[in-house]
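Undergrad: Here's a sequence, model it:
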Amino acid sequence: MRLRLIPREERFFDMFAEDAANVLGAARLFEAMLRSYDAPEQRALEIRDAEHRGDEISHEIGRRLESTFVTPFDREDIHGLISALDDVLDFIEECADTFILYRIEAPTAVAVQQASIIVKQCEQLQEALANLRGFKGLERYWIEVHRLENEGDQLARKAIADLFAGGGHPIELIKWKDVYALLEETIDKCEDVANIIERITIKHA
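TA: This is a model prediction of the structure:
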């Protein structure tokens, strides 16, 4: 066992969990927006509030990083983790905004399924980061995030293939191709967070 002369800053773990919980909250708002689709503009504003809260948490972690001598793990991994969580949140916000900007009248069943996959991934990430102390027993979380990413990938490919097979209005095709691709990219961003958690865990195993 390594002797620690200076205790590590444990507050970081709470802040990672708080950041992930905020991302999960935004994902749930987005899924609810698509499921009911009764007040998408209001939901998008709530998601924007979550994005601002995410920025505040990130800045707080950044400030703490500058003033802390001993961190719980490598500084570049802390930066990477926070940046990757920010990316997920930014993409969720962009997805919500795109539905409004494109004046989409109603989401498709596929879009709702993709939003549901994002929520499930964010639940796994939040659980993983809530249990990051000790760096043990986390493998099941990133494995499930990867499985969900594969599911999302297959869903998006089929949806885009079906779009062009259906021969709909060209503008509608372009809109939905963009939406499906953006949702799939959000799913990929969740996988990026899982990869960083895996890397951190392996380093400290």
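Undergrad: alpha carbons only for contacts and neighbour counts from here, please
TA: Noted.
Undergrad: Give me the contacts around stretch 24-33.
TA: The contact list for stretch 24-33 (C-alpha atoms under 8 Å, 6 or more residues apart in numbering) reads 39-40, 43-44, 46-47, 50-51, 89, 92, 96, 112, 115-116, 118-119, 122-123, 126.
Undergrad: Tell me which residues touch residue 97, please.
TA: So residue 97 contacts residue 44 (C-alpha under 8 Å, 6+ apart).
Undergrad: ok so, going back, buried ones from the contacts of stretch 24-33, can you make that a ChimeraX selection?
TA: Here is the ChimeraX command that selects the buried residues among the contacts of stretch 24-33 (16 or more other C-alpha atoms under 10 Å):
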select :40,43,44,46,47,50,51,89,92,96,112,115,116,118,119,122,123,126
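Undergrad: Residue 124 against residue 145, yeah?
TA: Yes: using C-alpha atoms under 8 Å, residue 124 is in contact with residue 145, at 6.7 Å.
Undergrad: I'd like the mean pLDDT over the helix or strand encompassing residue 181, please.
TA: Assigned by DSSP states H and E, residue 181 falls within helix 170-204. Mean pLDDT, computed over helix 170-204, is 96.
Undergrad: Equivalent analysis for stretch 92-109, please.
TA: According to the model, stretch 92-109 has a mean pLDDT of 97.
Undergrad: How about the spatially most central residue of the chain, nearest residue that isn't a chain neighbour?
TA: Of all residues in the chain, the one closest to the mean position by C-alpha atoms, centre = their mean is residue 88, 3.5 Å from it. Nearest residue to residue 88, sequence neighbours excluded (C-alpha to C-alpha, 6 or more residues apart in numbering): residue 189, at 5.5 Å.
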